[in-house]
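Colleague: sequence and predicted structure are below.
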Amino acid sequence: MNEHTRHIALGVIDVQPGFMPAEEGLRLGLPGFGELPVPGGQEIVPKMNRLMAAFAAAGHPIFTTQDFHPRETAHFSETPDYETTWPVHCVGGGCTGDLNLIPNFASINGALIEHNLFGASQDGSYCTYGGEKSTSSTPHSYNVVYKDNIFQRGANNQCATYGPVTGFEISNSGNQWTNNKWDDGGTVNPEN
């Protein structure tokens, strides 16, 4: 590539249950929704999933962020002003885990998770959710690739409360789990 080559990427910023309406969590039977809800937030998810699939198919990078906070922070308030203080939301390990591919609204088709450090936290259930959810109306995910990531063992030796990964189905079309290691060099195997 020369200096004039354009590079594009898709950023998915803080799309997580804490910012979805509580009613959506009730409809799906899932906890953690509605802590700091964005009205109609669930409507963006199918569109976001289509964009992610298109970017992945074109070979463009996709990155995601997740809002999370320590249990005690100066910007939480029981009487928030929504400028400098907010209600308690997304406390601990990011509400669920470090990186969550949860097909609550649509199947995930195309995600590359490469060269990341999954930080140990006992506040999250798993360090990552890999795209499968049997109770969802869209339970499967495809072309999800975890490659060359490091998982911290942490105090309980498992990265999170229950383990490093759940909901990843290696046999789904295009899914890959390659060279993912513990911070001590051991191999991290996918759940399935």
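Modeller: Ah, there it is.

Colleague: mind exporting the C-alpha coordinates of the lengthiest helix in the chain to PDB?
Modeller: When the chain is parsed with DSSP state H, its longest helix is helix 44-57. Only the C-alpha atoms of helix 44-57 are listed here, as PDB (Å, rounded to 0.1, in the frame of the first residue of the first chain):
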ATOM      1  CA  ILE A  44     -29.700  -0.300  16.200                       C
ATOM      2  CA  VAL A  45     -28.600  -3.900  16.800                       C
ATOM      3  CA  PRO A  46     -29.900  -5.600  13.700                       C
ATOM      4  CA  LYS A  47     -28.500  -2.700  11.600                       C
ATOM      5  CA  MET A  48     -25.200  -2.900  13.400                       C
ATOM      6  CA  ASN A  49     -25.000  -6.700  12.800                       C
ATOM      7  CA  ARG A  50     -25.600  -6.200   9.100                       C
ATOM      8  CA  LEU A  51     -22.800  -3.500   8.900                       C
ATOM      9  CA  MET A  52     -20.500  -5.800  10.800                       C
ATOM     10  CA  ALA A  53     -21.200  -8.700   8.400                       C
ATOM     11  CA  ALA A  54     -20.500  -6.400   5.400                       C
ATOM     12  CA  PHE A  55     -17.300  -5.100   6.800                       C
ATOM     13  CA  ALA A  56     -16.100  -8.600   7.700                       C
ATOM     14  CA  ALA A  57     -17.000  -9.900   4.200                       C
END
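
Colleague: which other residues reach the very next helix or strand once past it?
Modeller: As assigned by DSSP states H and E, the chain's next helix or strand after helix 44-57 is strand 62-65. Strand 62-65 is contacted from outside by 9-15, 52, 55-56, 99, 110-112, using Cβ atoms under 8 Å, 6 or more residues apart in numbering. To be clear about C-beta, it is placed using only N, CA and C from the backbone, and glycine gets the same treatment.

Colleague: how about the strands in this structure?
Modeller: Listed in chain order, the strands of the chain (DSSP state E) span residues 10-13, 62-65, 99-101, 109-114, 117-118, 126-130, 142-147, 150-151, 163-166, 176-178, 181-182.

Colleague: return the distance of the fourth one from the chain's centre.
Modeller: With Cα atoms, centre = their mean, to the nearest Å as the basis, the distance from the averaged C-alpha position of strand 109-114 to the chain average is 11 Å.

Colleague: thinking again about what came up before, nearest to Tyr162, of the contacts of strand 62-65?
Modeller: Closest approach between those and Tyr162, by Cβ to Cβ: Leu99, at 15.2 Å.

Colleague: just checking, the closest one touches Tyr126?
Modeller: No - Leu99 is beyond contact range of Tyr126, at 9.7 Å (criterion: Cβ atoms under 8 Å).

Colleague: more neighbours, the two?
Modeller: Tyr126 (25 against 21; other Cβ atoms under 10 Å).
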